[in-house]
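*Asks:* Got a predicted structure plus its sequence, pasted below:
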Amino acid sequence: MSLNIGDRIYHDRYRIDGLLGQGGMGAVYKGWDFNLEIPVAIKENLELSPEAQKQFNREASMLARLAHPNLPRVTDYFTLLDQGQYLVMDYIEGEDLKSMLDRLGHLPEDQVLTWIGQITDALEFLHNQDPPIIHRDIKPGNIRIRPNGRASLVDFGIAKFYDPKKATTMGAKAVTPGYSPPEQYGGGLTDRRSDVYALGATLYHLLTGKEPPESVHRMVRIAEMPPPRQLNEEISPQTEQAILKSTEVATDRRFQTIDELRSALNLRVDPGSGTPETVNPKATIVLNSAELSAETGGQTRSTGPAVARPSLPLPPPEAAPAPSQPLPPQSAAPSASKPARFPIWALIAGLAVACLAILAIGGLVISQIGKKAEATPTMMAEVAPTATQPLSVPVSATPLPSPQASATLAETPTATALPEPVAPGSYNTIGGLLSPDGQLIRGVEAKDHFAYLLTRKGALYVYDLSGLSKDQPYTAYNTPLAKLQIQNGNGLIRNGDYLYVYGNAGFQVVDIQQPDKPVLKNSLKDLVALNAVLSDHYLALLGEGLIIVYDVQTPVAPHEIAKIVSAKGVSNFAGAVYQDMLYVSEFVLTAGGKSSGEKTAGESVKGLLKVYDFSKPEDLKEIQRIDPGEVAYQLRVVDDTLLRCNVNDLEVWELSQKDYPRYVSSDTVEARNCVVDRGNIIANGAIFSVKDGRLLPLQTFDPNAGQVDSVLQSESFPYSSVVANDYVLLAQPGKVLILAGQ
C-alpha cells in the first residue's frame with residue numbers, strides 16, 4: 001500500500017509531499033520532517049518477509065551512523081505494520097546525471113571525471129566500513145549534482161553489507177539492466193567489484209551517451225558493448241581502458257577495488273579533504289550546454305572550486321519496464337541419448353566466429369536474462385509502460401534516392417515473379433545484399449521479387465531483385481529502393497501481405513501490399529522477442545522468459561490467445577512446428593553445473609529442447625523437455641526429421657515419436673543459421689540432405705563471398721533467412737548471401 005500524499009502524518013513526524021520515483025520494490029517519496037523542519041527523501045521497501053525485516057533493521061541502523069560529504073545522511077528509519085519499511089534520508093537538491101544525459105546526449109570527460117572522482121571517494125568510504133557496504137545500484141539516475149556543483153551518490157535502497165560466506169540476501173536482489181554486473185542477477189556473491197562494474201558502466205554511459213547493454217547479454221554474446229572511443233573519439237585512451245577493465249563480466253578481470261579504478265583514471269586523493277583530484281587541477285564545474293562544450297581536452301580532472309548553478313526542474317517521469325511474474329523452476333529435464341560433448345560456449349576474444357562460453361563466477365545464479373529486470377526505485381520517477389499500443393497513424397516508408405542499378409539489376413521494378421523452381425543439386429553464390437548503414441543484419445524476408453533486409457537498429461530496407469539471374473557472377477546490392485525505420489531489430493517473418501518485425505520492443509506489423517512501399521500499421525509492446533514461428537494463422541513469438549501465441553487470422557491486428565512464462569534465466573531462442581507439436585529451443589543459465597565432465601564453479605550454460613502440444617494453440621501446454629546440452633539457434637523440419645542448428649554443428653533428431661524427439665546424428669558445421677530448400681539443408685558454408693536420419697554432404701561454398709565487414713562476424717544471434725523459389729537468402733551479420741539452386 002502506497003503512502004498517502006497530503007496531510008496525514010507518518011511515524012508522528014513525516015508528511016508526504018510527493019512521489020519522486022516508483023518501482024516494483026516500492027517507491028521514493030519527498031516528505032517534510034516536522035522535527036527538523038527540513039525536506040527529506042523517504043525510501044519505501046515493500047518486502048515484508050521476516051528475513052527482509054531483520055536485514056532492514058540491521059542495515060538501516062548501520063547506515064544511520066555514516067557521514068560523508070558525497071552521501072546523503074540516513075536520519076531515521078521505521079516500519080509500518082503490514083505495509084512496508086521506510087528509510088529517511090536527506091533530500092538532495094539538484095539534477096541527476098540521467099536527466100542531464102537526456103538534455104545533452106553525452107558529457108565532456110573532464111567534467112565527468114570530476115564528479116566520478118567524488119563518487120569514488122564516497123564508494124571507498126562505504127567499502128572501508130566494517131563490514132563493507134556495497135551500494136549495488138550505481139547508475140546516472142542515482143548520482144545527483146547539488147546546486148554547489150558537487151556530486152552525491154543517492155539511494156541506499158538495495159545496499160548490502162558484504163559477507164564473503166553468504167549469497168545476496170532476500171532484500172537486496174534487484175538489478176538495474178545495463179549497470180548491474182552478472183553476479184547481481186541471482187544468489188551469487190556481490191562484493192566491492194560489483195560496484196566497480198556499475199561505476200564503469202555509468203562512466204561509459206556518461207561519456208558515450210549510449211546506455212550499456214545488460215551484463216548477462218554480454219556474457220552470452222546476445223549483445224556487445226562497443227568500445228567507448230568508437231562512439232566518442234574525444235574520450236582519452238586512458239579513460240577508455242579504465243572503463244573496459246571496470247566492466248569485464250568476469251569479476252577477477254576487473255579492478256579489484258575502487259582505488260585501483262581511481263588510479264587508472266589518474267585521480268588521487270587530496271589528503272586534506274579526502275576527495276579525489278588530478279595531478280594538475282584547473283578544470284571548473286560545467287553546468288549548461290554552452291559551458292559543456294568548452295575545454296574538454298587535456299588530462300586535468302579536478303574537484304576544485306565549484307561554480308554555483310541554479311536549480312533545475314526534474315524531468316517528467318520515464319517509462320520503465322513492468323516486471324513479469326515468472327513461474328517457479330520445473331524439475332530437471334531428462335537427458336537425451338545424444339553423446340556428451342564439450343559445450344561450444346567458450347568465449348575467446350579475437351576469433352572471427354566467437355563461441356559462447358560463460359566465464360565461471362563462484363556461486364553465481366543468473367536469475368533472469370534479457371528480461372528488463374525489476375528496476376530499483378530511484379530519486380527519478382519510473383512508470384510502467386502500457387501493454388498493447390496500436391499506432392493511431394500509419395507511418396510510411398521514406399523513399400530513398402533512385403538507385404544506381406548494378407549490371408544485373410533491373411532499372412525499374414516489374415511485376416514478374418522469381419523464376420520457377422528447378423531440380424535441387426548444386427548452388428551458385430550469385431550476390432549479396434548489403435546494409436547501406438553498415439549495421440549488423442538480423443534477417444531477411446521476400447515477397448514477389450522484393451527482398452526486405454532488417455538491421456539491428458530497426459532499419460528495414462527494400463531491394464528490387466527482379467534482375468537476378470542464376471548464372472550471374474557475384475553482384476553486390478547496396479542501394480535499396482526504400483527504408484522504413486522502426487523500433488525492432490531481432491528478426492522478421494512474413495504473413496501474406498504483412499511482415500511481423502520483432503525485437504526488444506515487442507513486435508510491429510508492416511503492410512507490404514505495395515511491396516516497394518512498406519507502411520507501419522501496428523505495434524505491440526509486450527515482450528522481448530528473439531524468434532518467431534508462423535503456422536497456419538497462429539504466430540508464436542519466442543522471447544526472454546516467455547512465449548506468446550497470437551491469432552493472426554486478421555494479419556494487421558494480432559490477437560493474443562496464450563502465454564507461457566518461463567523459469568528465471570531462460571530465453572527461448574528458436575522454434576518449429578511439426579504436425580500438432582511446437583518445438584522450442586531454450587537457453588538456460590544454471591549455477592554450479594558440470595560441463596563435459598569438467599567441474600566449473602559458478603554458472604553453466606545449457607540448451608533445452610521443449611515440446612509443446614500445439615493442437616489447440618490457445619491452450620498451449622508443455623509435454624516434454626529434453627537436455628541436449630547445447631543451445632540451438634534455429635530449428636527446422638525436413639519430412640519427419642527435426643534439425644537443431646547450433647554454433648558448431650548441425651544435429652538430426654528423429655520425430656517418429658513426435659512428442660519425444662530422438663537424437664540420431666550430427667555433422668560439424670557452423671550452423672547457427674540454417675534454412676531448408678526443397679529438402680536440402682543450407683548452413684553457413686555447407687549444404688546437406690538427410691537420408692535415414694543421417695546428414696549427407698552435398699556441397700560446400702564460401703560464406704564470406706563478396707563484401708563483408710569482419711568486425712560484424714563475431715556476434716552470435718539467431719538470424720532469420722528465407723527461400724524465395726530457387727533463390728536462398730541466407731542472412732549473416734555483415735550481409736545477406738544470395739544462393740541460386742541449379
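*Replies:* Done, it's in. Residues are numbered from 1 along each chain as shown.
*Asks:* Wait, Gln85 touches Asn45, no?
*Replies:* Yes: counting by C-beta atoms under 8 Å, Gln85 touches Asn45, with 4.5 Å between them. For glycine as for every other residue, the C-beta is placed from the backbone atoms N, C-alpha and C.
*Asks:* Under the pLDDT cut-off, which ranges of the stretch 201-350 of the chain? List them.
*Replies:* Per-residue confidence of the stretch 201-350 of the chain (counting by pLDDT under 70) places the weak regions at 268-350.
*Asks:* what about 90?
*Replies:* Within the stretch 201-350 of the chain, the set of residues satisfying pLDDT under 90 comprises 216-217, 219-223, 250, 266-350.
*Asks:* Next: the stretch 451-600 of the chain.
*Replies:* Using pLDDT under 90, the stretch 451-600 of the chain drops low at 456-457, 466-479, 486-490, 503-507, 515-516, 522-530, 536, 543-546, 565-573, 586-600.
*Asks:* Relative to Ser566, how far out is Asn531?
*Replies:* Separation of Asn531 from Ser566 (C-beta to C-beta, to the nearest Å) stands at 14 Å.
*Asks:* cool, Gly105 as well?
*Replies:* 37 Å.
*Asks:* the more surrounded of those two?
*Replies:* Ser566 (27 against 13; other C-beta atoms under 10 Å).
*Asks:* Can you pull the residues that touch both of Gln85 and Asn45?
*Replies:* Ala52, Phe56 (C-beta atoms under 8 Å, 6 or more residues apart in numbering).
*Asks:* joint contacts of Asn531 and Ser566?
*Replies:* What both Asn531 and Ser566 touch, as defined by C-beta under 8 Å, 6+ apart, is the set Asn572.
*Asks:* following the helix or strand Leu207 falls within, which helix or strand comes up?
*Replies:* Per DSSP states H and E, Leu207 falls inside helix 192-208. Where DSSP H and E defines the elements, the next helix or strand beyond helix 192-208 is helix 215-219.
*Asks:* next helix or strand past that next one?
*Replies:* helix 228-231.
*Asks:* Check the offset of that next one from the chain's centre.
*Replies:* 19 Å (C-alpha atoms, centre = their mean, to the nearest Å).
*Asks:* What of stretch 217-236?
*Replies:* That offset, for stretch 217-236, works out to 13 Å (C-alpha atoms, centre = their mean).
*Asks:* go on, stretch 233-250?
*Replies:* 20 Å.
*Asks:* One more: stretch 56-67?
*Replies:* 34 Å.
*Asks:* Extract the C-alpha trace of it and format it as PDB.
*Replies:* C-alpha atoms of stretch 56-67 as PDB (Å, rounded to 0.1, in the frame of the first residue of the first chain):
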ATOM      1  CA  PHE A  56      16.400  -3.900   7.100                       C
ATOM      2  CA  ASN A  57      16.700  -3.200  10.800                       C
ATOM      3  CA  ARG A  58      20.400  -4.200  10.900                       C
ATOM      4  CA  GLU A  59      21.500  -2.300   7.800                       C
ATOM      5  CA  ALA A  60      19.400   0.800   8.400                       C
ATOM      6  CA  SER A  61      20.900   1.200  11.900                       C
ATOM      7  CA  MET A  62      24.400   0.900  10.300                       C
ATOM      8  CA  LEU A  63      23.600   3.400   7.600                       C
ATOM      9  CA  ALA A  64      22.300   5.900  10.100                       C
ATOM     10  CA  ARG A  65      25.800   6.100  11.600                       C
ATOM     11  CA  LEU A  66      27.500   7.100   8.300                       C
ATOM     12  CA  ALA A  67      28.500  10.700   7.400                       C
END
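*Asks:* in it, what's buried?
*Replies:* Phe56, Glu59, Ala60, Met62, Leu63, Ala64, Leu66 (16 or more other C-beta atoms under 10 Å).
*Asks:* and those residues, which two are the farthest apart?
*Replies:* Farthest apart among the buried residues of stretch 56-67 by C-beta to C-beta are Phe56 and Leu66. That separation is 15.9 Å.
*Asks:* ok, back up a step: lowest pLDDT pick from the buried residues of stretch 56-67?
*Replies:* Lowest pLDDT of the buried residues of stretch 56-67: Glu59, 74.
*Asks:* which is the next helix or strand following the helix or strand hosting it?
*Replies:* Taking DSSP H and E as the criterion, Glu59 maps to helix 50-63. Once helix 50-63 ends, the next helix or strand along the chain (criterion: DSSP H and E) is strand 74-80.
*Asks:* Packing partners of that following strand?
*Replies:* helix 50-63, strand 84-90 (3 or more C-beta pairs under 8 Å, 6 or more residues apart in numbering; DSSP states H and E).
*Asks:* Can you give me every residue that contacts Gly431?
*Replies:* Here Gly431 is in contact with Thr408, Leu468, Gln472, Tyr474, Thr475, Ala476, Tyr477, Gly706, Leu737, Ile738 (C-beta under 8 Å, 6+ apart).
*Asks:* and which of these is nearest Tyr583?
*Replies:* Among the contacts of Gly431, and counting by C-beta to C-beta, the member closest to Tyr583 is Leu737, at 26.3 Å.
*Asks:* Distance check, the closest one against Ser721.
*Replies:* Leu737 is 9 Å from Ser721, by C-beta to C-beta.
*Asks:* of those two, who's got more company?
*Replies:* Using other C-beta under 10 Å as the criterion, Leu737 and Ser721 rank with Leu737 on top: 28 against 23.
*Asks:* Tell me how many other residues crowd Leu48.
*Replies:* Count around Leu48 with other C-beta under 10 Å applied: 15.
*Asks:* To clarify, my last question referred to Asn648.
*Replies:* With other C-beta under 10 Å as criterion, Asn648 counts 16.
*Asks:* for the one 5 residues further on, same thing?
*Replies:* The burial count assigned to Trp653 is 25, neighbours taken as other C-beta under 10 Å.
*Asks:* That one belongs to a strand?
*Replies:* Yes: with DSSP: H, G, I helix; E, B strand; the rest coil as the criterion, Trp653 is located in a strand.
*Asks:* Figure out how far the helix or strand harbouring Leu19 is from the centre of its chain.
*Replies:* When secondary structure is defined by DSSP H and E, Leu19 falls within strand 14-23. With C-alpha atoms, centre = their mean as the basis, strand 14-23 stands 30 Å off its chain's centre.
*Asks:* Give the rounded mean pLDDT of that strand.
*Replies:* 85.
*Asks:* Remind me what that strand packs against, helices and strands.
*Replies:* strand 26-33, strand 38-45, strand 382-383.
*Asks:* Mean confidence (pLDDT) on the last one, please.
*Replies:* When pLDDT is averaged along strand 382-383, the result is 28.
*Asks:* and for Leu737 and Ser721, which residues touch both?
*Replies:* If you check Leu737 and Ser721 against C-beta under 8 Å, 6+ apart, the residues they both contact are Leu729, Leu730.
*Asks:* May I have the distance across stretch 494-506, first residue to last?
*Replies:* 16 Å (C-alpha to C-alpha, to the nearest Å).
*Asks:* Does Glu445 touch Tyr461 like I think?
*Replies:* No: judged on C-beta under 8 Å, Glu445 makes no contact with Tyr461 at a distance of 11.4 Å.
*Asks:* Just give me the residues shared between the contact sets of those two.
*Replies:* In contact with both Glu445 and Tyr461: Tyr452, Leu454, using C-beta under 8 Å, 6+ apart.
*Asks:* which element is the closest residue to Asp471 other than its chain neighbours on?
*Replies:* Spatial nearest neighbour of Asp471, excluding adjacent residues (C-beta to C-beta, 6 or more residues apart in numbering): Asn428 at 7.4 Å. Assessed by DSSP H and E, Asn428 sits inside strand 427-433.
*Asks:* residues making contact with the helix or strand following that strand?
*Replies:* On the C-terminal side of strand 427-433, the nearest following helix or strand under DSSP H and E is strand 441-447. With contacts defined as C-beta under 8 Å, 6+ apart, strand 441-447 is touched by 433, 435, 451-456, 465, 489-494, 497, 499, 503, 512, 515, 712, 717, 719-722, 724, 727, 729, 731-736.
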